[in-house]
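Chemist: kindly return the folded structure for what I paste below:
(2 chains)
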Amino acid sequence: MSSRKIAIGSAVLVVLALAATVGLVRFIMSIEYRAPYRSDQSQATPRGQATMDEAAAKAKADRERPYVEESYRRFPVVGSRVAVWVLAQLHLLFAAFVLAVPIFALIIEFIGWAKGDARYDRLAHEFTKLLSVSFSLTATFGAFLLFMLVVLYPKFMNYLTHVFSPTFAPYVGLFFFEAFFLYTYYYGWGKFHPVVHLLLGLGLNLVGTAIMLIANAWLTFMTTPAGISESGAVISTWQAVHNYTWMPINIHRLIANVAFGGSIAAAYAATKFLGASTDEERAHYDWMGYVGNFIAICAFLPLPFAGYYLASEIYAYSQTLGLTMMGGAFSWLFIIQAVLIGSLFLGANYYLWLGMGRVDASERFQGYIKYLLILVAACFAIWATPRSIIATVSETRAMGGASHPQLGYLGVMSAKNTAVNILILTTFVSFLLYRRSGRTPTVTWARLGNALQLAITAAAAGVVIFLGVYGYFVEAKVRIGLSIPQVGSVLFAMIAVTFIDVFMYRNAKSLGETHWGRIHPASQYVLIFLAVTFTWLMGLMGYVRSGLRQHWHVYGVVRDTSVDAFTPTLGFATKVVSVTVLCFFLLIGFVFWLASLSDRKPSGPGETA
Amino acid sequence: MKVPVPLRIFALIVATTAFYTLVGQLVPQKEVHPPQETALKKEMSQEEILTAGRQIMERKGLCFTCHTVGKTGALRFPDLDGIGARAGSAVAGLSDVDYLAQSIYEPNAHIVPGFNPGMPVINKPPVGLTDEEILAVIAYLQSMGGKVTVTLESKVWPLGAGADPKAGAAATAGPSR
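Modeler: Below you'll find the predicted structure:
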């Protein structure tokens, strides 16, 4: 259908709608109530007198009604908690995206400028296209969330205002600057000197991060309050900001935002790839998807370490809080988390393996994939093994307890820490193989370099496994500390091996070309799957971070006395997370559609769409 | 028939979300409600106080989030089995009641060797047990291998608060002390 026909049809519809509205108003006016004619002389009847007395009594009661400050108001149907939960999560998802995209857009733009490669500039610009609508949605959900909190939880918001009012004005001011930098950065693409444009991008990132730091102070204070007296009065606003979990959450969120933003940008590229009609488009969006996913996985690998830091600070603040998280009401949530993270690792590896198809001469590494798959699957299975098993009474008797006699040993932290570290190492090896596809080193020390890389990787795996086994034979105090050398050895291996690889493959001989766009379409669905999984994981972990407080608005200070003052089942929580994720993808689909409109040619007179 | 790409993407998103929701339904489902208060009355019998003490430890006190009873092996916090018998000799110069009271009101005053400090102050939020509730807890702890001397009228904190200067007693709690 041509756009002219659409325009005419729309105009006709608008006229019809207007005519219908006018007709409806006239009809309503025609049946408006009109008082019947009555005599001027009123006759007091007992009924009339009673009605007047009643009205007077009501007016008097209204005048004398005392003002009572409400603690809570109820949101219809789903209740206040779920309403605020969904809104907060949607706000956070869009905010994470809006904060993350400028980080890697700026880096990509900088690479393009430094290398003088216009492809990177185009890529960075395309990532930025997704920002403006997302920024509006972030702000809209933020304002909606604030109104809902003020309306539904007035007393609690009053307390937060008491503690954090000095931070509100800077927050709003920064938001204004964020809008300034974002729109100037986007609309000024190619209009300024590259350095000026890069500085605008830097400003956007700095302001965005500062906004996140302020908002993080509010929410971390609710879990690990500081800077207040025993009764909750403020002693130091700075201490309230700089509470136990503030810095761990700042670091964790910054990294997680990049991982999430990268995955959403990769999903955008995947949708464009699947709808592409030319090889050129396919090549571009394959590359864009690869870069987005690369960013997501690079940020995702150190995320468990940031998670350890956050968890250790929660334990440092309150052992009870830490044990509630890991051993109490939320312990089974980490089994769900294991399924999600296992799926992410599996998907990320699969995408890399499929990606080898676009590189000539990558067949020599294909044989290793099955071993990597076995390792990934084994680690995934160990990580998702629960300590205690849901069993009938007879099954429990047969096992001799709630734990399985053999599998139960895999359900403890020693085994899980080992599994996740090996999983990270395996993914790193997958990436290394992909990186080497189609190239062979030319340096004289290539054999030594390979041997060294192998030795470092094997040593790291050996340290991780040894400490994992050792953890079964030592007391808790020692066992908890073992995760640090485990993590350290994996990080060291990744840095050292990459360092060697970069020098070894400098001036490497090419064995074939990389054919961007030559990849199985299944790979693009994997990218979308990864984006959904990242989003769902963010929703789940947001729930545990917030739900950890249980029946407290501010842990140990402001108690939740509402009808929602209980921790719902994990089944219920996952349903809420799923609804939020679906809402988010409907909205982000709208953002993708809007972003793609700018690629379309404008339809002029006589042209058909 | 070829399914359009947007429909396939939509189906993938819904299927992935549904899968994770299903995983969420497979784990144990438990609603956790705020701890119930345990009613205490001055005229309670010793048996009733011990029952109340146990309930307070399970519910409002959150004691069994960390502590165990009758468990051995690699523990994160001391096992409480036989605490009533050990408490009197745990710290030189402190009676069993003094030791238990100080361990509750000042949890970091005495750390059992091999364990890390980490117990919260029990008489303040978020746990916030009252003095009476703590007396019931101490009575229950005494009952695990020791002799129960504490009643709901005992004065156990601050240390020495229960001493009767006229009687010249050095003990802090209970009729048998």
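Chemist: run a quick neighbour tally on the residue in chain B that chain A sits nearest to.
Modeler: Of all residues in chain B, B:Gly24 sits closest to chain A, at 2.7 Å by CB to the nearest CB. C-betas here are computed from N, CA, C, even on glycine. Neighbour count of B:Gly24, defined by other CB atoms under 10 Å in any protein chain shown: 26.
Chemist: is it true that it touches A:Tyr543?
Modeler: No - with contact taken as CB atoms under 8 Å, B:Gly24 and A:Tyr543 are classed as non-touching, separated by 10.5 Å.
Chemist: who touches both of those two?
Modeler: Both B:Gly24 and A:Tyr543 are in contact with A:Ala573, A:Val577, where contact means CB atoms under 8 Å, 6 or more residues apart in numbering or on different chains.
Chemist: what's the closest non-adjacent residue to the residue of chain B closest to chain A?
Modeler: A:Thr574 (2.7 Å; CB to CB, 6 or more residues apart in numbering or on different chains).
Chemist: so the one you found makes contact with B:Phe19?
Modeler: No - using CB under 8 Å, A:Thr574 is not in contact with B:Phe19, being 10.7 Å away.
Chemist: mind checking which of those two has more residues around it?
Modeler: Comparing A:Thr574 with B:Phe19 by other CB under 10 Å, the one with more neighbours is A:Thr574, at 25 against 16.
Chemist: quick check: phi and psi at the more buried one.
Modeler: Per-residue torsions, A:Thr574: phi -70, psi -30 (degrees, to the nearest 10).
Chemist: pLDDT wise, what is it at?
Modeler: pLDDT, A:Thr574: 97.
Chemist: one more: A:Leu597?
Modeler: With respect to pLDDT, A:Leu597 has a value of 86.
Chemist: residues from chain B in reach of chain A?
Modeler: Residues of chain B lying near chain A by CB under 8 Å from any CB of the partner chain: B:5, B:8-9, B:12-14, B:16-18, B:20-21, B:23-25, B:27-34, B:62, B:65-66, B:74-77, B:114-116, B:118-120, B:124-127.
Chemist: now, these that are in helices?
Modeler: B:5, B:8-9, B:12-14, B:16-18, B:20-21, B:23-25 (DSSP state H).
Chemist: can you tell me the centre-most residue of the chain?
Modeler: Just going to use chain A. A:Met538 (4.2 Å; CA atoms, centre = their mean).
Chemist: right idea, wrong chain: chain B
Modeler: B:Cys63 (1.9 Å).
Chemist: excluding chain neighbours, give the residue nearest to it in space.
Modeler: B:Met57 (4.1 Å).
Chemist: you'd agree the one you found is up against B:Phe64?
Modeler: Yes - B:Met57 is within contact range of B:Phe64, at 6.4 Å (criterion: CB under 8 Å).
Chemist: so these two - more neighbours on which side?
Modeler: Counted by other CB under 10 Å, B:Met57 and B:Phe64 do not tie: B:Met57 has more neighbours, with 22 against 13.
Chemist: quick one, grab the pLDDT at B:Pro175.
Modeler: With respect to pLDDT, B:Pro175 scores 34.
Chemist: ugh, wrong one, B:Gln36
Modeler: At B:Gln36 the predicted local confidence, pLDDT, stands at 87.
Chemist: just give me the neighbour total for A:Phe110.
Modeler: Around A:Phe110 there are 17 residues (other CB under 10 Å).
Chemist: in what helix or strand does the closest residue to it other than its chain neighbours lie?
Modeler: Counting by CB to CB, 6+ apart, A:Leu198 is the residue found nearest to A:Phe110 once chain neighbours are left out, at 6.0 Å. Element membership for A:Leu198, per DSSP states H and E: helix A:194-223.
Chemist: what's in contact with the next helix or strand after that helix?
Modeler: Next in sequence after helix A:194-223, counting helices and strands by DSSP H and E, comes helix A:237-241. By CB under 8 Å, 6+ apart, the list of residues contacting helix A:237-241 from outside reads A:Val163, A:Phe164, A:Pro166, A:Thr167, A:Ile214, A:Ala217, A:Phe221, A:Pro225, A:Ala226, A:Gly227, A:Ile228, A:Val234.
Chemist: nearest to A:Tyr120 among those residues?
Modeler: Ranking these by separation from A:Tyr120, with CB to CB as the measure, puts A:Ile214 on top at 32.2 Å.
Chemist: skipping adjacent residues, who's closest to the closest one in space?
Modeler: Closest residue in space to A:Ile214, ignoring its immediate chain neighbours: A:Tyr171 at 4.8 Å, by CB to CB, 6+ apart.
Chemist: would you pull up the residue in chain A closest to chain B?
Modeler: Counting by CB to the nearest CB, chain A gets nearest chain B through A:Thr574, at 2.7 Å.
Chemist: what's the weakest-modelled helix or strand in chain A?
Modeler: helix A:393-399 (a mean of 68; mean pLDDT, DSSP states H and E).
Chemist: ok, whichever helix or strand comes after that helix near chain B or not?
Modeler: For helix A:393-399, the following helix or strand on the C-terminal side (DSSP H and E) is helix A:413-436. No - residues of helix A:413-436 are not located near chain B by CB under 8 Å from any CB, the shortest gap being 10.0 Å.
Chemist: what helices and strands are in contact with helix A:413-436?
Modeler: Packing partners of helix A:413-436 (3 or more CB pairs under 8 Å, 6 or more residues apart in numbering or on different chains; DSSP states H and E): helix A:333-355, helix A:369-383, helix A:446-470, helix A:476-504.
Chemist: low-confidence stretches in chain B?
Modeler: B:74, B:161-177 (pLDDT under 70).
Chemist: hey, where'd the strands end up in it?
Modeler: Ranges of strands within chain B: none, based on DSSP state E.
Chemist: now B:Gln102: closest residue in space, sequence neighbours ignored.
Modeler: Once flanking residues are discounted, B:Gln102 sits nearest to B:Ala109: 5.0 Å by CB to CB, 6+ apart.
Chemist: how near is B:Val112 to A:Pro166?
Modeler: B:Val112 sits 43 Å away from A:Pro166, going by CB to CB, to the nearest Å.
Chemist: please apply the same query to A:Ala276.
Modeler: Per CB to CB, A:Ala276 is found 51 Å from A:Pro166.
Chemist: next: A:Gly232.
Modeler: Per CB to CB, A:Gly232 is found 17 Å from A:Pro166.
Chemist: between those two, who's got more neighbours?
Modeler: A side-by-side neighbour count of A:Gly232 and A:Pro166, using other CB under 10 Å, places A:Gly232 first with 15 against 12.
Chemist: check contacts around that one.
Modeler: Counting by CB under 8 Å, 6+ apart, A:Gly232 has contacts A:Tyr159, A:Val554, A:Val557, A:Val558.
Chemist: which of the residues you listed ranks first by neighbour count?
Modeler: A:Val554 (22 neighbours).
Chemist: that residue bridge partners, please.
Modeler: A:Val554 forms beta bridges with A:Val558, as assigned by DSSP bridges.
Chemist: ok, it - contacts?
Modeler: Applying CB under 8 Å, 6+ apart, the residues near A:Val554 are A:Phe156, A:Tyr159, A:Leu160, A:Phe221, A:Met222, A:Pro225, A:Gly232.
Chemist: could you pick out the buried ones from these?
Modeler: For the contacts of A:Val554, a burial check counting by 16 or more other CB atoms under 10 Å in any protein chain shown picks out A:Phe156, A:Tyr159, A:Leu160, A:Phe221, A:Met222, A:Pro225.
Chemist: the last one against A:Gly556, yeah?
Modeler: Yes - contact between A:Pro225 and A:Gly556 holds when scored by CB under 8 Å: they sit 6.8 Å apart.
Chemist: give me the number of residues near A:Ser430?
Modeler: Counted with other CB under 10 Å, A:Ser430 comes out at 27.
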